[in-house]
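K.L.:
sequence first, then the predicted structure:
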Amino acid sequence: MKAKKFAALLMSSIMALSLAACGSSGSAQSTEAPKTEGASAAASEAAPEAMKGSVEGELTVSIWDENQRPGLQQIIDEWSAQSGVKATIQVVKWDEYWTLLEAGASGGELPDVFWMHSNQAQKYMENDMLMDLTDKIASSDKIDMGNYYQGIVDLYQSNGKQYAVPKDIDTIALWYNKTMFDECNVPYPDDTWTWDTFVDAAAKLTTDDHWGYAIAPSNNQDSFYNAVYSMGGNIISDDKKASGYDQPGTIKAIKMFVDMVKAGSCPDLNTIAESPADVLFESGKVAMVTQGSWMVAAFKDNEYTAENCDVAVLPKDAETGKRVSIYNGLGWAASANTKNPDAAWSLIEWLGSKEMQEKQAELGVTMSAYEGCSDKWVNCTDKFDLNGHMKMLDADLVFRPYSKYTTVWEDMQTEKLKEAWTGEKDVETVCAEICESMNGTLSEE
């Protein structure tokens, strides 16, 4: 029975889930929907095919980021007004979210519409837990997979079928505290910065009151993955059959961050375990963090970061000349067993339409997976110059490393890197051990 098989697979990895995903965390708890002019016009242009009378009932929509709820609820409420179907957003914290979906998949009661992520998509698709959207997309005049970033489209395909419509795209950029830079007489980061410049600046920005940079072994997509690929390394081969932890560029990048921890430019493992990098940044305890565009809402709503901080492009590597952003994208999916499939598809079609993807950006929810629709996102706030994130779309984009059992080797990767962070083992040894273990996992996929 596929449900039982699926439950067994998820139980082997559910505890391995980490806060490494696009939009996986956020501290802001705002529930007031932002306002924007032209909402009614946009809604009219994107009116769903299924209008009042064609669909009925209610839908449950599950997401994991409270920061995105206000804007998304506004977009969904416009759909409800035209379709007559009430849709309520349920926000569940990242770890609990996957426990909820696991229980739903095992018992057949998943939410009607929900976010899907690269860490988990393969298992859900291969075990027939998601609604097949292929034919619905083919007959839609609003959804064309050619309009979205291809890496995100491909992520939600299995055996030639499409199981989710891309929701967003994220880029990683360098967030910095202008006040601390000024006090330490360090020039603000710009596109001339290399990783060497970054390391030197972090050292100069480290004082008795704050560190220069913050990173934890679990900060993969938002931190060390970007440096790994910038320096010519990789985490996993393109065919997803081999680990990249034996590559010189990979080892070089990991060593750079470990050396920064040893030098005192970054908090030690115990400190970062108690207070994640974004929390330290929001509380004025660190001068720089690398973070995803999904954190803009939280940083905007935090009084300290809104007043003192800004964002720039990531550094490039002096040898390769490459500036890399790891990117990811969520997908809007529906339960294969939803009791209201027509309404579920109508909502997904609405959320994925060009007009609503533009509105998502305009409201500051996130950047959009629909190519060319993120320009309005830059102006969603006057607190920061978000071109730091937008410019990373023109850098070398690398899709977030994943495979069928991502959470298995990612959890192992995090645990092994802790040994390098503490100095228990040297970086070369740790990378060799990660490589061996990861290759073992990949050989079983």
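P.N.:
Done, it's in. Residues are numbered from 1 along each chain as shown.

K.L.:
ok, Ser140 to Asp77 distance?
P.N.:
22 Å (C-beta to C-beta, to the nearest Å). Glycine gets a C-beta too; all of them are placed from N, C-alpha and C.

K.L.:
how distant is stretch 102-111 from the center of its chain?
P.N.:
24 Å (C-alpha atoms, centre = their mean, to the nearest Å).

K.L.:
same deal with stretch 364-375?
P.N.:
Using C-alpha atoms, centre = their mean, the offset of stretch 364-375 from its chain centre is 14 Å.

K.L.:
can I take it that Thr414 is in a strand?
P.N.:
No: according to DSSP: H, G, I helix; E, B strand; the rest coil, Thr414 belongs to no strand; its state is helix.

K.L.:
wait, it touches Phe224, no?
P.N.:
No: using C-beta atoms under 8 Å, Thr414 is not in contact with Phe224; the gap is 10.9 Å.

K.L.:
higher neighbour count, those two?
P.N.:
Phe224 (23 against 18; other C-beta atoms under 10 Å).

K.L.:
let me see the contact set for that one.
P.N.:
Phe224 is in contact with Ile215, Ala253, Ile254, Phe257, counting by C-beta atoms under 8 Å, 6 or more residues apart in numbering.

K.L.:
which SS class is the first one?
P.N.:
Secondary structure, three-state DSSP: Ile215 is coil.

K.L.:
go ahead and confirm it touches Ala277.
P.N.:
Yes: if you go by C-beta under 8 Å, Ile215 and Ala277 touch, sitting 6.3 Å apart.

K.L.:
list residues touching both of those two?
P.N.:
Ser223, Val289.

K.L.:
circling back: closest to Leu393 among the contacts of Phe224?
P.N.:
Using C-beta to C-beta, Ala253 comes nearest to Leu393 of those, at 21.9 Å.

K.L.:
check which helices and strands the strand or helix carrying the closest one is in contact with.
P.N.:
Assessed by DSSP states H and E, Ala253 sits inside helix 248-263. The contact analysis (3 or more C-beta pairs under 8 Å, 6 or more residues apart in numbering; DSSP states H and E) places helix 248-263 against helix 195-204, helix 225-230, helix 406-421, helix 427-443.

K.L.:
Ser368 is nearest to which of the ones you listed?
P.N.:
helix 225-230 (21.2 Å).

K.L.:
so what touches that closest one?
P.N.:
Helix 225-230 has contacts (C-beta under 8 Å, 6+ apart) with 172, 195, 234-235, 244, 249-250, 253-254, 256-257, 290, 314-317, 320, 322-326, 396, 398, 400-401.

K.L.:
in helices, which of these appear?
P.N.:
Trp195, Gly249, Thr250, Ala253, Ile254, Met256, Phe257 (DSSP state H).

K.L.:
and those residues, which is closest to Ala164?
P.N.:
Distance to Ala164, by C-beta to C-beta, is smallest for Thr250 among the ones in helices among the contacts of helix 225-230, at 30.0 Å.

K.L.:
per-residue confidence for the closest one?
P.N.:
Confidence at Thr250, expressed as pLDDT, is 99.

K.L.:
burial count for the closest residue to it other than its chain neighbours?
P.N.:
Distances taken as C-beta to C-beta, 6 or more residues apart in numbering put Gly233 closest to Thr250, at 3.2 Å, once the chain neighbours are dropped. By other C-beta under 10 Å, the residues close to Gly233 number 22.

K.L.:
can you name the next helix or strand after the helix holding Ala253?
P.N.:
Counting by DSSP H and E, the element that comes right after helix 248-263 along the chain is helix 269-274.

K.L.:
mean confidence for the helix or strand following that following helix?
P.N.:
Where DSSP H and E defines the elements, the next helix or strand beyond helix 269-274 is helix 277-282. Confidence for helix 277-282, expressed as mean pLDDT, is 98.

K.L.:
please name every helix or strand in contact with helix 277-282.
P.N.:
Using 3+ C-beta pairs under 8 Å, 6+ apart: helix 277-282 touches strand 286-292, helix 296-301, helix 303-308.

K.L.:
take the ones you listed and write them to JSON lines, including distance to Asp182 and mean neighbour count.
P.N.:
Shown next, in JSON lines, are those (distance: least, C-beta to C-beta, whole Å; neighbours: other C-beta atoms under 10 Å):
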{"stretch": "strand 286-292", "distance to Asp182": "11", "mean neighbour count": "27"}
{"stretch": "helix 296-301", "distance to Asp182": "19", "mean neighbour count": "23"}
{"stretch": "helix 303-308", "distance to Asp182": "10", "mean neighbour count": "14"}
